[in-house]
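[1] pasting the structure only:
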C-alpha cells in the first residue's frame, strides 16, 4: 500500500536549550574479544570511531581460551595477559575504554567441558572451584591496574557474565549459581579497590532485575550498575521456545522495557545505581537483512534513541562491525549481522544514524515532535529528521518486512533564525546512502569484485538534497522536502559572516 501525505512542522530555534544526552555513545558492542587481533576488524574500528565517537566498547569472551588468560600446568594455574594487553591497548589507543564483560569460563576452571556455545566453542559452565575463579579475577584486575593505573581502571565497568538467564545458551547453571558467581566476583573486585565499578546481571529481555536487586540487598553486596539487554523482535528462549520463533513487538516496546527496568531500580535500595542496556538492536537474528542492513534500521535507531532520551545511563548498540563470528563468518557481504560496517568495511545505512548523531551540537532545542532532533551552537543549527513506522509483517530470514510505502511532503517552518546562511542537507533512504540496496541491484553477488566493491562504497554515501546559500530575513523560513518510508535527513544551517 502506497500513500503520500503532507506534514507541516514548526520549530522556534531561539528557545532555551538543554544538554544533548549522549547516552547512546557511552558504549558500543563487539563480537568476541579475540577478533580484536584481526587487522580487518581493527581497520573497521579505526574508520568508525572518529566519526561516531563512542566512549566504551564491550565484547564477549575476554577469558576465552583463544585469548589465553588462564591455563593449568602441573596442577597449578598460570596467567598470561599478552593478548589482553594487545586487545585493550588497541581500544584505548582509539579512544575506547573497555567495558569488561567477565566471560567466558576458561577450560582450566570449567565444571563441564561439554557445555560450549558458538563456532568458537566458548565454555558456559560455572567454575568447578569458586576459589580458582576468584584467584583469576584478582590476578586479572590487578594486572589491569598495574598496566593502566588505578585512576584509569576506576573509570571502567566490570560486568559479570552475559545473559545467564538463557540456560544452556549462555550459562549452564541456574539462577542461584549465577547469583553466587556475582557475589564472589563483586566482592573480589571491591576487595582490590572500593571505587572499582561492578554490576550485572547482564540478562536477556530485562530478566532477573528484581531478583538481582533483592539478592544483593540481602547479602549486602555492591551493585554499581544494573545491566540487561533487549531487542524489538525476540524469541522467548528463557521459556524454552524455539530459537527461530521470533516475534516483532513494536518499536514502542523498547521504551516500555527500559521504563519498567528503571522504575524497578529506582524503587530499590540501589536507587542510585546506573541502568545499562549493554545490547540492543532490531532483532537477534543473524539473517535479518531488512532489520539490520536496510534503510529500516537507521530510522528505527533514531526513533528508539529519541524515545529513551534522559531515561537510561548507557545504551550500547549491538554492535560495531559485521566481522562477527558467533555463527561463523558471514556468507554474503550483507547477511543480517549487527554491525555499522559490513564485512568489507562498506557503510551500512545505520552507520549514518550514529555518525550524524555524533555531529549534532551539544545544546538541544526542545521541539514538540518525536521524529526531529534540533541542536545549536551559537547561531548554527543541525536538524535531524526521519520517517519511521512499524511494519505490518516481518521476515527474519533475509526478506523485506511488509510495510506501508509512505512518502511525506514535509514543510519544516523555522522561526527565530535570521542572517546569511549556508544550508546543506544529506539524505539516506531506500535508494540514497544504501549499499545494501545497491548490492541487490548488482544481483547480490556472494563475492563482489573489486569494481563491484567500489560501486558499493559509492552507493553507501548519502545523497545531497540541498546545498544553498540564502539570506533569511523573514520571521519564518521554510525547508521543503519529500521523504520516503524510513528516510533520514540531516540539515545543517551554518551562519556566514
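    Sure, I can see it. Everything numeric in this text was worked out from a predicted model, so none of it was measured.
[2] going forward, measure contacts between C-alpha atoms and count neighbours the same way
    Fine.
[3] so, low pLDDT: which residues of the stretch 201-350 of the chain?
    In the predicted model, the stretch 201-350 of the chain carries pLDDT under 70 at residues 236-244.
[4] how about the helices in it?
    For the stretch 201-350 of the chain, the helices defined by DSSP state H, counting those that start in this stretch cover 209-218, 253-266, 289-293, 296-307, 349-359.
[5] how close does residue 459 get to residue 440?
    Distance, residue 459 to residue 440, by CA to CA, to the nearest Å: 12 Å.
[6] more neighbours: which of those two?
    With neighbours defined as other CA atoms under 10 Å, residue 459 and residue 440 compare such that residue 459 has more, 22 against 11.
[7] run a quick neighbour tally on residue 216.
    18.
[8] next: the one 3 residues further on.
    Residue 219 sits with 9 neighbouring residues when counted by other CA under 10 Å.
[9] check the one 3 residues further on too.
    Residues lying near residue 222 (other CA under 10 Å) number 20.
[10] quick one: contacts for it?
    186, 187, 190, 198, 199, 216 (CA atoms under 8 Å, 6 or more residues apart in numbering).
[11] okay, domains of this structure per the record?
    2-16+364-495, 21-359 (automatic domain parsing).
[12] chain center to the last one, what's the gap?
    Here the centre of domain 21-359 is set off from its chain's centre by 10 Å, with CA atoms, centre = their mean, to the nearest Å.
[13] start to end distance for it?
    13 Å.
[14] and what of stretch 426-437?
    Termini of stretch 426-437 sit 18 Å apart (CA to CA).
[15] what of stretch 481-494?
    Span of stretch 481-494 from end to end, CA to CA: 19 Å.
[16] give me the residues contacting it.
    So stretch 481-494 is in contact with 295-296, 298-299, 356, 379-389, 404-411, 421-430, going by CA under 8 Å, 6+ apart.
[17] in strands, which of the residues you listed fall?
    380-386, 405-411, 421-428 (DSSP state E).
[18] now do the same contact list for the nearest residue to residue 331 once chain neighbours are set aside.
    The shortest distance from residue 331 to any non-neighbouring residue, by CA to CA, 6 or more residues apart in numbering, is to residue 446 (7.2 Å). Residues near residue 446 by CA under 8 Å, 6+ apart: 331, 332, 333.
[19] is residue 78 bridged to anything, and to what?
    Listed beta-bridge partners, residue 78: residue 71 (assigned using DSSP bridges).
[20] what about it, distance to residue 72?
    6 Å.
[21] over to residue 324?
    Residue 324 is 29 Å from residue 72, by CA to CA.
[22] more crowded one of those two?
    residue 324 (22 against 13).
[23] buried residues in stretch 356-370?
    356, 357, 358, 360, 361, 362, 363, 364, 365, 366, 367 (16 or more other CA atoms under 10 Å).
[24] returning to what we had before: ok, of the contacts of stretch 481-494, which come out buried?
    Here, 16+ other CA under 10 Å leaves 295-296, 298-299, 356, 380-389, 406-408, 410-411, 421-430 buried among these.
[25] confirm that residue 361 sits in a helix.
    No - read with DSSP: H, G, I helix; E, B strand; the rest coil, residue 361 is coil and lies in no helix.
[26] contacting residues for it?
    Counted by CA under 8 Å, 6+ apart, residue 361 has contacts 20, 375, 376, 377, 381, 382.
[27] pick out the most distant pair among the residues you listed.
    Greatest spatial distance among the contacts of residue 361 (CA to CA): 20 and 381, at 13.1 Å.
[28] who touches both of those two?
    Common neighbours of residue 20 and residue 381 (CA under 8 Å, 6+ apart) are 361, 375.
[29] how about the contacts of residue 361 in TSV, adding distance to residue 473 and pLDDT?
    Formatted as TSV, those follow (distance: CA to CA, whole Å; pLDDT from 0 to 100):
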residue	distance to residue 473	pLDDT
20	28	98
375	21	98
376	19	98
377	20	98
381	17	98
382	19	98
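[30] closest to residue 28 among those?
    residue 20 (18.5 Å).
[31] what is the burial count for that closest one?
    Residue 20, neighbours per other CA under 10 Å, totals 19.
[32] surely it touches residue 362?
    Yes - assessed by CA atoms under 8 Å, residue 20 is found in contact with residue 362 at 5.1 Å.
[33] quickly list what's touching both of these two.
    residue 375.
[34] ok so, going back, any idea which of the domains of the chain is most buried?
    domain 21-359 (a mean of 20; mean count of other CA atoms under 10 Å).
[35] ok, back up a step: would you format the buried residues of stretch 356-370 as TSV with distance to residue 342 and pLDDT included?
    Listed next are the buried residues of stretch 356-370 as TSV, based on distance: CA to CA, whole Å; pLDDT from 0 to 100:
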residue	distance to residue 342	pLDDT
356	18	98
357	20	98
358	20	98
360	25	98
361	28	98
362	30	98
363	32	98
364	32	98
365	34	98
366	35	97
367	35	96
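[36] can I get those residues in CSV with distance to residue 206?
    Shown next, in CSV, are those (distance: CA to CA, whole Å):
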residue, distance to residue 206
356, 29
357, 26
358, 28
360, 30
361, 32
362, 30
363, 32
364, 30
365, 32
366, 30
367, 30
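[37] follow-up on the earlier one: got the helices of the stretch 201-350 of the chain as a markdown table, with distance to residue 473 columns?
    A markdown table is the format used below for those (distance: least, CA to CA, whole Å):
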| stretch | distance to residue 473 |
| --- | --- |
| helix 209-218 | 55 |
| helix 253-266 | 41 |
| helix 289-293 | 42 |
| helix 296-307 | 32 |
| helix 349-359 | 27 |
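[38] what's the closest of the ones you listed to residue 148?
    helix 349-359 (27.5 Å).
[39] so what secondary structure elements neighbour the helix or strand that the closest one is followed by?
    Per DSSP states H and E, helix 349-359 leads on to strand 363-365 as the next helix or strand towards the C-terminus. In terms of contacts (3 or more CA pairs under 8 Å, 6 or more residues apart in numbering; DSSP states H and E), strand 363-365 is packed against strand 18-19, strand 372-377.
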